[in-house]
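Chemist: structure, please.
(one chain, ligands or ions: 2)
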Amino acid sequence: MRLSGAWMADPGTQAVCAMLVVAGHEALFVGGCVRNGLLHQPVADVDLATDALPDRVMALAEGAGLQAVPTGIAHGTVTVVANGVGHEVTTFRRDVETFGRHAVVAFSGDVAEDAARRDFTINALYARPTGEVLDPLGGGLRDLAARRVRFVGTAHDRIREDYLRILRFFRFHAWYGDDATGPDPQGLAACAALADGVDSLSRERLGTEMRKLLAAPDPTGAVQAMERAGVLTRVLPGAQAHALPRLIAQEGDAPPRWQRRLAVLGGRDTAEALRLSRADSRQMAAITDDIGPDGPGPAELGHRHGAWLAADIVMARAALTATTPPPRWREEIGRGAAAEFPIRATDLMPDLQGAALGAALRSLHARWVASDFTLTRAALLDTLRGREGLDP
Ligand code: ATP
Ligand code: MG
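Modeler: Numbering: from 1, shown residues only. Ligands and ions are numbered 1, 2, ... in the order given. Next up is the predicted model:
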């Protein structure tokens, strides 16, 4: 098994590997880059594991003229920047004690120990700078080929060390698992048994995990499994998975947007439950405010929210009401998004000022929207003045 990819061949990445190897150390790619590289999926960030101690990594990087930042030096991580790309270089470690999310770590010279402290077998695959793949646990490659997300060691014990792994289990299943076979039964049973551990996690972390999970091409199986395991409502009180498959079917080739999926899952105070950013909360509110079956049609939505948010609302509404969106809804959204209100405040001045001006503008705007964007400037001004036949 050999790994390759443009990210690996990057001169900066190879320079980081070379500075370690030339000094007699191991430089092993690990985690997402190996997993995704083997699956021919995009590689987001490059993580490296090494037997060199963190201070040594810092010194070697400086010697090689590379910028080294001690981003997580207490747990062995140094970020080495090369060719504009950050590489997280982490010394092999074994966790000697864990208190929830905080592990007391011991550095190790042994890649097998490093593999044993990782969460899932598909995340415990390594590769040399030459592309040679190492599977120290012996089950990672098999699980990756079978698209099986399996805990390293005993699921129950690994979750009790770190309850975030419950959410990571469902997230990795959403991205790399196989819905035909479903999540690994032992892992799922352990997540269900220990579901109350989710309550100990920060809302920000839950938000980060849910956003990543819902950005998977089809997160349906993972979300349904979360629901069955009693995890979903601990993350999002009141959420329901039943409309999600309809949404995914409706989406077709539309880019996956977690906001749209989250709106369909619903739940009480979603934005607050997941501590979403202000911008994301506003988007979620825009979707949920107009999602009802009697809400505005596609053209008006396009005008109000712009094309992609309007598309989110149309698709989410269809999924929640088990209906199909109106014909030519995408064109309709485009028409509404392109429509320009023909009246300016200056058109009404100086006759109207202040609050009266604002009220008149709102009323004209409402008439114009109700006319399906057809009323002209002249016609609108006429309605306001109660006069007929006035030239613009
Ligand atoms: P991606 O970056 O694509 O989300 P990744 O697998 O690189 O996926 P990271 O969160 O970057 O995930 O973590 C890097 C590696 O560190 C993982 O592959 C895994 O081996 C290990 N790891 C991360 N978080 C945990 C955890 N909570 N428990 C055990 N191992 C973990
Ligand atoms: Mg990563």
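Chemist: got the residues of the stretch 151-300 of the chain near ligand 1?
Modeler: By C-beta under 6 Å from any ligand atom, the residues of the stretch 151-300 of the chain that approach ligand 1 are 162, 164, 165, 168. Glycine gets a C-beta too; all of them are placed from N, C-alpha and C.
Chemist: mind listing what the last one touches?
Modeler: Spelled out, that is residue 168. By C-beta atoms under 8 Å, 6 or more residues apart in numbering, the residues touching residue 168 are 119, 120, 209.
Chemist: redo those as CSV? Include neighbour count and secondary structure.
Modeler: What follows is these, written out as CSV (neighbours: other C-beta atoms under 10 Å; DSSP: H, G, I helix; E, B strand; the rest coil):
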residue, neighbour count, secondary structure
119, 22, coil
120, 25, strand
209, 20, helix
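Chemist: and which of those is nearest residue 273?
Modeler: Lowest distance from residue 273 to these (C-beta to C-beta) belongs to residue 209, with 12.6 Å.
Chemist: check contacts around the closest one.
Modeler: 164, 167, 168, 171.
Chemist: next, format those as CSV and append secondary structure, distance to ligand 2 and pLDDT.
Modeler: CSV is the format used below for those (DSSP: H, G, I helix; E, B strand; the rest coil; distance: C-beta to the ion, whole Å; pLDDT from 0 to 100):
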residue, secondary structure, distance to ligand 2, pLDDT
164, helix, 14, 98
167, helix, 15, 98
168, helix, 12, 98
171, helix, 12, 98
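Chemist: just among those, which is most surrounded?
Modeler: The most crowded member of these, judged by other C-beta atoms under 10 Å, is residue 171 (25 neighbours).
Chemist: element containing the residue lying closest to it once chain neighbours are set aside?
Modeler: In this structure, residue 171 finds its nearest non-sequential neighbour in residue 213, 4.3 Å apart by C-beta to C-beta, 6 or more residues apart in numbering. Assigned by DSSP states H and E, residue 213 falls within helix 203-214.
Chemist: what residues sit buried inside that helix?
Modeler: 205, 206, 207, 208, 209, 210, 211, 212, 213, 214 (16 or more other C-beta atoms under 10 Å).
Chemist: what's the pLDDT at the closest residue to ligand 2 within the stretch 151-300 of the chain?
Modeler: Scanning the stretch 151-300 of the chain for the residue nearest ligand 2 gives residue 212, at 11.0 Å (criterion: C-beta to the ion). Turning to residue 212, the model gives it a pLDDT of 97.
Chemist: so for stretch 281-294, mean pLDDT?
Modeler: On average, stretch 281-294 scores 91.
Chemist: mind checking how far residue 35 is from residue 141?
Modeler: Per C-beta to C-beta, to the nearest Å, residue 35 is found 10 Å from residue 141.
Chemist: also residue 73?
Modeler: Residue 73 is 32 Å from residue 141, by C-beta to C-beta.
Chemist: same drill for those two, tell me which one is more crowded.
Modeler: residue 141 (17 against 14).
Chemist: which stretches of the stretch 51-200 of the chain form strands?
Modeler: Remark: strands assigned in the stretch 51-200 of the chain by DSSP state E, counting those that start in this stretch are 67-72, 77-82, 85-91, 93-99, 102-107, 126-127, 133-134.
Chemist: most tightly packed of those?
Modeler: Of all the strands of the stretch 51-200 of the chain, strand 126-127 carries the top mean neighbour count, a mean of 24, counting by mean count of other C-beta atoms under 10 Å.
Chemist: lowest confidence element among the helices and strands of the chain?
Modeler: When the helices and strands of the chain are scored by mean pLDDT, DSSP states H and E, strand 93-99 comes last with a mean of 79.
Chemist: just checking: what are the partner strands of that one?
Modeler: Note on strand 93-99: by DSSP bridges, its sheet partners are strand 102-107 (antiparallel).
Chemist: quick one, the strand it pairs with and strand 85-91 angle?
Modeler: Interaxial angle of strand 102-107 relative to strand 85-91 (axes from the mean of the first three to the mean of the last three C-alpha atoms, to 10 degrees): 80 degrees.
Chemist: does ligand 1 have contacts with strand 102-107?
Modeler: No. If you take C-beta under 6 Å from any ligand atom as the test, strand 102-107 misses ligand 1, and the best it gets is 8.5 Å.
Chemist: what about that strand, average pLDDT?
Modeler: 81.
Chemist: nice, that's everything, thank you.
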